[in-house]
Structure formats: C-alpha cells, structure tokens
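Q: Here's my sequence, what's the structure:
(chains A, B, C, D, E and F)
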Number of protein chains: 6
Amino acid sequence: MPMIHIYLYEGRTDDQKRELARAFTDDVQKIVGSEPAATHVLFHDMSKSDWAHAGKLASDE
Amino acid sequence: MPMIHIYLYEGRTDDQKRELARAFTDDVQKIVGSEPAATHVLFHDMSKSDWAHAGKLASDE
Amino acid sequence: MPMIHIYLYEGRTDDQKRELARAFTDDVQKIVGSEPAATHVLFHDMSKSDWAHAGKLASDE
Amino acid sequence: MPMIHIYLYEGRTDDQKRELARAFTDDVQKIVGSEPAATHVLFHDMSKSDWAHAGKLASDE
Amino acid sequence: MPMIHIYLYEGRTDDQKRELARAFTDDVQKIVGSEPAATHVLFHDMSKSDWAHAGKLASDE
Amino acid sequence: MPMIHIYLYEGRTDDQKRELARAFTDDVQKIVGSEPAATHVLFHDMSKSDWAHAGKLASDE
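A: Have a look, this model is predicted:
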C-alpha cells in the first residue's frame, strides 16, 4: 500500500514518468509515512480519442 | 464527478466513442443533474485475447 | 463486453442508479450493437472527502 | 460477479492468459461458489516503463 | 507485478478472501513464474444495488 | 487529464488526503505541465482484510 493508477494522455516521456513516480512515492512517504517499497505507480497512456470531457472526445477539441 | 471507465472490445470507431460519450454525459445530466463539464469518460480498448468469460478467452470462442 | 465502472458522489439513490444502468445499457446496444446481457455497470460511491479536483478535496469547496 | 482486472507485464502469452483465466474462474467457483459464467477476467498488459515500484520504473531496474 | 483487482458481491468472508488470495497468488506463480511477493490482490466489495447486468440492478433480480 | 486513483489502507485522515491531493496535483503541474484544474484524484480506502500481498491478507500479518 498504496497503489496508484494514473491515467494520462499518451506522449509523456519515460523521463516524465520517472519523475512522477519518484515524486508521488516521496509524497506518500512524507505525508502518510509509507516506506517507498510499499508504493506502486501504474501509468496508463490514453489516446485523446479515448478520453471524453463534457460529452466531447478530447481529440475533437 | 462522475468519472466513467468503459472497457470494450477494440475495433469501436471514434464515431461510436463520440456517440457513447455524448449519450452517457446526457444520461448523467438528465438522471443525476450533473452539468456536462463534470463528466469524464475514459475508453479502454480490449483485445479479445485479453478478456475471459466463464474461464475462456473471448478470442477462443 | 462492455464493462462500465462509474465513480460518483455518494448519495445517488437506487432509483437513479437503476435509471443510469438502463440508459447506459441502451446506449451501448444502440451505438455499438451489444446485446443488453453483455453489459455490466458497477457503481462506486465516493465521499466528497475522497475526491479531489484542482488539488482540493471536494468536501472543502 | 465477480469481475477481475489483472495488471501484468506485457509479454505473457495467450496460453498463459488462457490458463490464468481458467484457474481464477475455477478458484472462484470452488471458494465462493459462483458459476463460471459469472466470472470475467480482464488482462491489462503493462510496459515496464509504465510500472514503478519504490519510486523507480521497472524498466530502470 | 501482477496487480489484481477483484470486484465481488459483499458478504464474502475473510476466510474466502484469504483462500482466494492464496489461490490467485499460487496460480500466478505456477503459470507466469512470478514469486508470491510480487502479487497483490485487492478485494472490492460491491452491494447488489451497485452492480447492474443487462440494464438491471442485481438487487432487483 | 490526468486522472489518479489511489488505493490505500483506511485510516488516513482528511488532512493527509488533502495534502496528498495538493502534492500530486503540484507534481503533475511541475513535471507534465497540466494546469491544476485538469487533475482529479480519487481516494479508495481499503480495509486490511481486503488487501493481500504474497498470498496473505494484510490483516493476517
């Protein structure tokens, strides 16, 4: 614990994911006290045609 | 709110996703009263070899 | 297929969920052609203190 | 019911997924008593650069 | 890896969850070769009024 | 975008969730460049009897 699933637009680089993973894991350690080994982060890349907001595909905006 | 994740077989067209997003968002507005801007829909395409029912992969049926 | 997970604020009534389930299932049948028996909808009630937007808990707004 | 989402590294073969689906469905039937037709298993392949543990991408280890 | 989310009707006992967790973890070890420490199982209890199939809440059937 | 689901043991306070939401949202802004209004965080409290690791419920450890 904890387990983090993050859904974001495709196109983020491995470097950005690397930084996000470290930042989230640090946050959890600082705020909740969990040791880093307890934190998992799963990145789910989403195409803009697979994400709708306000009834519209992001690819249409 | 709300957040909708829909898992469906790959192969649905952008047009079908566009219609689904609009329909779900309309439903939520009509039934729950949420303004459209509050609704997100995420589409997750699934291969038939990644979906099992009754212990069998859909790709085997 | 398809499988729908919907996350929404707690407090929606069973009647609203009943209507949403029917509406989503109808939408999928009309737009994608899936028979109703293929559609599952799972409702996940969320407390406002478990949902953050723009870095703020919804319960703080 | 039940619905199982399993996230695993990409590269598992269809044969492994086939066996996992059967095994999970059998487990549920034996332990909880659900008929096989009630069990769905969805496989989500994850790249090692989309999975972080202890603040590090699995692809960096 | 892997991470398993299982959604099932509320009312399963801790003993049933204990057995399911062990069985799934064993399956993964046998079929995919992952050491047990790599497997996480998260149980999500669902009320029958939060689960719809074929457009009907399970609590209405 | 992005959408973050975090599963953690129940018992975290609203203050801890408030801090986590702010920290994650800041991280995403700094690293990926998304404006805060684009980030949603959903907290899912888990009982220790609903979380298994290495084939054992956390409540048994």
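Q: give me every residue that touches the single nearest residue of chain A relative to chain C.
A: Across chain A, no residue is closer to chain C than residue A:5, which sits at 11.6 Å (CB to the nearest CB). (C-beta placed from N, C-alpha, C; glycine too.) Listed by CB atoms under 8 Å, 6 or more residues apart in numbering or on different chains, the contact set of residue A:5 reads A:42, A:44, F:4-6.
Q: at 6 Å what do you get?
A: Residue A:5 makes contacts with A:42, F:5, as judged by CB atoms under 6 Å, 6 or more residues apart in numbering or on different chains.
Q: Determine the three-state secondary structure at residue A:28.
A: Of the three states, residue A:28 takes helix according to DSSP: H, G, I helix; E, B strand; the rest coil.
Q: any idea of the pLDDT on it?
A: At residue A:28, the pLDDT value in this model is 98.
Q: For burial, what's the neighbour tally of it?
A: Neighbours of residue A:28 under the rule other CB atoms under 10 Å in any protein chain shown: 26.
Q: pretty sure it contacts residue A:34?
A: Yes. Applying CB atoms under 6 Å as the test, residue A:28 and residue A:34 come out as touching, 5.1 Å apart.
Q: re the thing from before, mind checking which helix or strand the residue of chain A closest to chain C is in?
A: Assigned by DSSP states H and E, residue A:5 belongs to strand A:3-9.
Q: what is the orientation angle of that strand with strand E:3-9?
A: In terms of direction (axes from the mean of the first three to the mean of the last three CA atoms, to 10 degrees), strand A:3-9 departs from strand E:3-9 by 100 degrees.
Q: What's the mean pLDDT across strand A:3-9?
A: Confidence over strand A:3-9 (mean pLDDT, whole number) is 98.
Q: try stretch A:34-52
A: pLDDT averaged over stretch A:34-52 gives 98.
Q: list the buried ones in it?
A: A:34, A:38-44, A:46-47, A:50-52 (16 or more other CB atoms under 10 Å in any protein chain shown).
Q: Kindly reformat those residues as TSV and extend each row with distance to residue B:19 and secondary structure.
A: Shown next, in TSV, are those (distance: CB to CB, whole Å; DSSP: H, G, I helix; E, B strand; the rest coil):
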residue	distance to residue B:19	secondary structure
A:34	43	coil
A:38	42	helix
A:39	39	coil
A:40	36	strand
A:41	33	strand
A:42	29	strand
A:43	29	strand
A:44	23	strand
A:46	19	strand
A:47	17	coil
A:50	14	helix
A:51	15	strand
A:52	10	strand
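Q: ok, and of these, which contact chain B?
A: The subset of the buried residues of stretch A:34-52 within reach of chain B, by CB under 6 Å from any CB of the partner chain, is A:50-52.
Q: who touches stretch A:25-38?
A: Counting by CB under 6 Å, 6+ apart, A:1, A:39, D:54-55, F:12, F:16, F:19-20, F:23 sit against stretch A:25-38.
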